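K.L.:
Sharing a sequence plus its predicted fold:
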Amino acid sequence: MARILDVGCGIKKFPGSIGVDFNSASDADVLCDLDRFPYPFADRTFDGLRAIHVIEHVTDIVRTMEEFHRLVRPGGTIRIETPHYTDYSSFCDPTHKHHLNSFSFRYFGAKDGGFGYYTEAKFIEKKVHVKLLSLWRWLGFQFLVNRFTRFRKFWEFYLCYVIRGKVMEFEFEPVGPPVQVRRPSALPAPR
């Protein structure tokens, strides 16, 4: 049976998973601050990880992705769901710290967009699915955005403020050994 970690599970923990959350009123099996690393699990403990409407709440997305990379075994799946930055829900929740688009995780891949120096954690992008508001879905724009990466890029650059996104779903597979905890270098003492 697959071991699944539901990060930020809230009150609707994924059935059969191990839930982790900071809120004692949640259905979490383990209580911990999601911004403090490492989480209380050994490397490569899980076959899958879910972070549904969580990533926009964390303080450090890069460090959080490194932790996800550490926790999920090679061949496992990390599923992230988050609002698109043009959706009303992205800005109406004052606890959202980040507003993301469908290319926000690209530097965790092989083509890191020139930003590969941020982290050694690498992922294979298995799926990106953008949900649009109903009118645009019915008119076929959602199909085009999800079927053709070039059209999705065109939509992100030019159309997304009119043809607004709703929710994005990502699936990643961790690649390589677990990334070790990064320690900030000490700043030299002032003279």
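P.N.:
Cool, the structure landed.
K.L.:
rest of the way, CA atoms for contacts and neighbours
P.N.:
OK.
K.L.:
My read is that residue 76 contacts residue 174, right?
P.N.:
Yes - Residue 76 lies in contact with residue 174 (CA atoms under 8 Å); the separation is 7.1 Å.
K.L.:
So for these two, which residue has more residues nearby?
P.N.:
Set residue 76 next to residue 174 and count neighbours by other CA atoms under 10 Å: residue 174 wins out with 26 against 22.
K.L.:
Which helix or strand contains that one?
P.N.:
Applying DSSP states H and E as the criterion places residue 174 in strand 165-175.
K.L.:
contact partners of that strand?
P.N.:
Strand 165-175 has contacts (CA atoms under 8 Å, 6 or more residues apart in numbering) with 69, 72-87, 101-102, 121-133.
K.L.:
helices or strands up against whichever strand or helix holds residue 128?
P.N.:
Using DSSP H and E, residue 128 sits within strand 122-132. Counting contacts by 3 or more CA pairs under 8 Å, 6 or more residues apart in numbering; DSSP states H and E, strand 122-132 packs against helix 141-147, strand 165-175.
K.L.:
Only C-alpha atoms, please: export the very next helix or strand once past that strand in PDB.
P.N.:
Using DSSP H and E, the helix or strand that directly follows strand 122-132 along the chain is helix 134-138. This file holds the C-alpha atoms of helix 134-138, laid out as PDB (Å, rounded to 0.1, in the frame of the first residue of the first chain):
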ATOM      1  CA  SER A 134     -16.400  28.200 -16.900                       C
ATOM      2  CA  LEU A 135     -17.100  30.500 -19.900                       C
ATOM      3  CA  TRP A 136     -13.500  30.100 -21.200                       C
ATOM      4  CA  ARG A 137     -13.600  26.300 -20.500                       C
ATOM      5  CA  TRP A 138     -16.800  26.000 -22.600                       C
END
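K.L.:
quick one, helices of the chain?
P.N.:
Under the criterion DSSP state H, the chain contains helices at 61-71, 88-92, 134-138, 141-147, 149-154.
K.L.:
So for residue 114, which of these sits nearest?
P.N.:
Residue 114 lies closest to helix 61-71 among the helices of the chain, at 15.0 Å (CA to CA).
K.L.:
could you say what helices and strands the closest one packs with?
P.N.:
By 3+ CA pairs under 8 Å, 6+ apart, helix 61-71 packs against no helix or strand.
K.L.:
Brilliant, that's me finished.
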